[in-house]
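Engineer: Any chance you could fold what I've pasted below:
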Amino acid sequence: MIQISKTDIKELTHEQLMSWFQERQMASYRARQILKWIYLRQADTFDVMTDLGKSLRETLSDHFTISRLKKEQVEISKDGSEKYLFKLEDGKYIETVLIPEKDHYTLCISTQVGCAQGCAFCKTAAGGFTRNLTRGEIIAQVRDVSNNIRDNTMRLSNVVLMGMGEPLANYKNVVSAISVMTDNDFGLRISNRRITVSTAGLVPRLSDLGRDTNVSLAISLNATDNMTRDSLMPINRKYPIEQLLRACSEYPLQRGRKITFEYILIKEINDSINDAKRLIKLLRPIRAKINLIPFNEHEGSDFKRPEASAIFQFQEILHKNNYTAMIRHSKGQDISAACGQLSANATGK
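Structural biologist: A predicted model of the protein is given here:
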């Protein structure tokens, strides 16, 4: 008997699934029904799709799967953060972090297995790059974790693409996954304003992202001069600060929205008063807000977290110059908090 190779149905767009039906002279409107079962009702099998005929359900089961990511490990912090280590079909690992906020959850998801950007402060970079995640693997992180939330009084309303990997280096799959997250008909119904794509600065893709989506943009800046940023983030040698910020100044922003600049504060590297003053000058042409992130020390890194006084002094300078500047303390400090740490432990890297 010939075994039919099955496809995870989450890899198909609405249009592709409609085409699949049309090629078989079947009603294409069934695509919407099926996707609603998958994303809104969290169906795991086609058998539960009771508004479809039995023969159609059997046909779908013959051709497709509705897969879940394999939970290899879950660490729960005393602050309520949950860090998931997922094992993929090919045996590779990714991490996803669920973060409780005041009245909602934020989910930090990965877009690649590993990362090729080589940022000096990043744990993920130490393991190198393996591959891009598929559209379905990106979507699955949101779908699966939201299905696993135990506190029904809060919903998963915010998604940040700033876990393992560089989202803009996996552009097609990231944008396709975002379209499902934001779809209010059959998708996951997350507001585009509450989805943030964080990039190390793949300048050519910024205009594409602004054209193809309406999500929020975050730039991992982390330095105010090219020499320092070159040493921290190798991408700066290809797209230096001036080129990156020019692209940001041209990025299409809706009224009332700003670009978030993430600035990891590292002791005696980028945390001086002069750094704060340069940052003010650099961001003047841009509608910007700033997230100050004290470095999360981890094994294998020589970088240190600045003293609290230096962190608050840096923030105060920004405030006095009319910038919104929040200090973002890493959640889950009592678990494997550094992004890439659980995966590194699992793979032995």
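Engineer: Could you pull out the helices in this structure for me?
Structural biologist: 14-23, 30-39, 54-63, 135-148, 171-182, 203-212, 226-232, 241-249, 273-283, 308-320, 341-347 (DSSP state H).
Engineer: Would you state the strands of the stretch 1-150 of the chain in chain order?
Structural biologist: 7-8, 64-65, 70-76, 82-87, 93-100, 105-108, 112-114, 129-132 (DSSP state E, counting those that start in this stretch).
Engineer: Show me what the third one is packed up against.
Structural biologist: Using 3 or more C-beta pairs under 8 Å, 6 or more residues apart in numbering; DSSP states H and E as the contact definition, the elements that strand 70-76 packs against are strand 82-87, helix 341-347. C-beta: built from backbone N, CA, C; applies to glycine.
Engineer: least reliable of the ones you listed going by mean pLDDT?
Structural biologist: Among the helices and strands packed on strand 70-76, helix 341-347 carries the lowest mean pLDDT, at a mean of 56.
Engineer: could the helices of the chain be laid out in TSV, adding distance to residue 125 and mean neighbour count?
Structural biologist: What follows is the helices of the chain, written out as TSV (distance: least, C-beta to C-beta, whole Å; neighbours: other C-beta atoms under 10 Å):
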stretch	distance to residue 125	mean neighbour count
helix 14-23	34	15
helix 30-39	33	20
helix 54-63	39	14
helix 135-148	20	22
helix 171-182	19	21
helix 203-212	19	16
helix 226-232	11	16
helix 241-249	19	17
helix 273-283	22	17
helix 308-320	24	15
helix 341-347	11	20
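Engineer: How many neighbouring residues does the residue lying closest to residue 128 once chain neighbours are set aside have?
Structural biologist: Leaving aside its sequence neighbours, residue 128 sits nearest to residue 114 (C-beta to C-beta, 6 or more residues apart in numbering; 5.3 Å). Number of residues near residue 114 (other C-beta atoms under 10 Å) recorded here: 24.
Engineer: Was I right to think residue 136 contacts residue 67?
Structural biologist: Yes. In this structure, residue 136 is within contact of residue 67 by C-beta atoms under 8 Å, at 7.5 Å.
Engineer: Identify the contacts common to those two.
Structural biologist: Counting by C-beta atoms under 8 Å, 6 or more residues apart in numbering, the common neighbours of residue 136 and residue 67 are 8, 10.
Engineer: now residue 6: how far from residue 54?
Structural biologist: 19 Å (C-beta to C-beta, to the nearest Å).
Engineer: Would you mind giving the domain segments of this protein?
Structural biologist: Annotated domains of the chain cover 7-65, 70-347 [automatic domain parsing].
Engineer: Now find how far off-centre the last one is within its chain.
Structural biologist: In this case it means domain 70-347. 7 Å (C-alpha atoms, centre = their mean, to the nearest Å).
Engineer: Same question for the first one.
Structural biologist: The gap between the average C-alpha position of domain 7-65 and the chain average comes to 27 Å, counting by C-alpha atoms, centre = their mean.
Engineer: what about the stretch 151-300 of the chain, any weak spots by pLDDT?
Structural biologist: Judged against pLDDT under 70, the stretch 151-300 of the chain has no low-scoring part.
Engineer: ditto for the stretch 1-150 of the chain
Structural biologist: Checking the stretch 1-150 of the chain against pLDDT under 70 turns up 1-4.
Engineer: same thing but 50
Structural biologist: 1 (pLDDT under 50).
Engineer: Next, residue 257: phi, psi?
Structural biologist: Backbone dihedrals for residue 257, given as degrees, to the nearest 10, come out at phi -100, psi 150.
Engineer: pretty sure it contacts residue 216?
Structural biologist: Yes. Using C-beta under 8 Å, residue 257 is in contact with residue 216, at 7.0 Å.
Engineer: Name the residues contacting each of these two.
Structural biologist: Common neighbours of residue 257 and residue 216 (C-beta under 8 Å, 6+ apart) are residue 193.
Engineer: neighbour count winner among the two?
Structural biologist: Using other C-beta under 10 Å, the more surrounded residue of residue 257 and residue 216 is residue 216, with 21 against 14.
Engineer: on that earlier part again, which one, of the strands of the stretch 1-150 of the chain, ends up nearest to residue 199?
Structural biologist: Ranking the strands of the stretch 1-150 of the chain by proximity to residue 199 (C-beta to C-beta) places strand 112-114 first, at 12.4 Å.
Engineer: strands paired with the closest one, and their directions?
Structural biologist: strand 129-132 (antiparallel) (DSSP bridges).
Engineer: Okay, buried residues for the partner strand please.
Structural biologist: Buried positions in strand 129-132, judged by neighbour count with 16 or more other C-beta atoms under 10 Å: 129-130, 132.
Engineer: Please apply the same query to stretch 252-262.
Structural biologist: Within stretch 252-262, the residues that count as buried by 16+ other C-beta under 10 Å are 259-262.
Engineer: Kindly reformat those residues as CSV containing distance to residue 318.
Structural biologist: Below are those laid out as CSV (distance: C-beta to C-beta, whole Å):
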residue, distance to residue 318
259, 15
260, 13
261, 10
262, 13
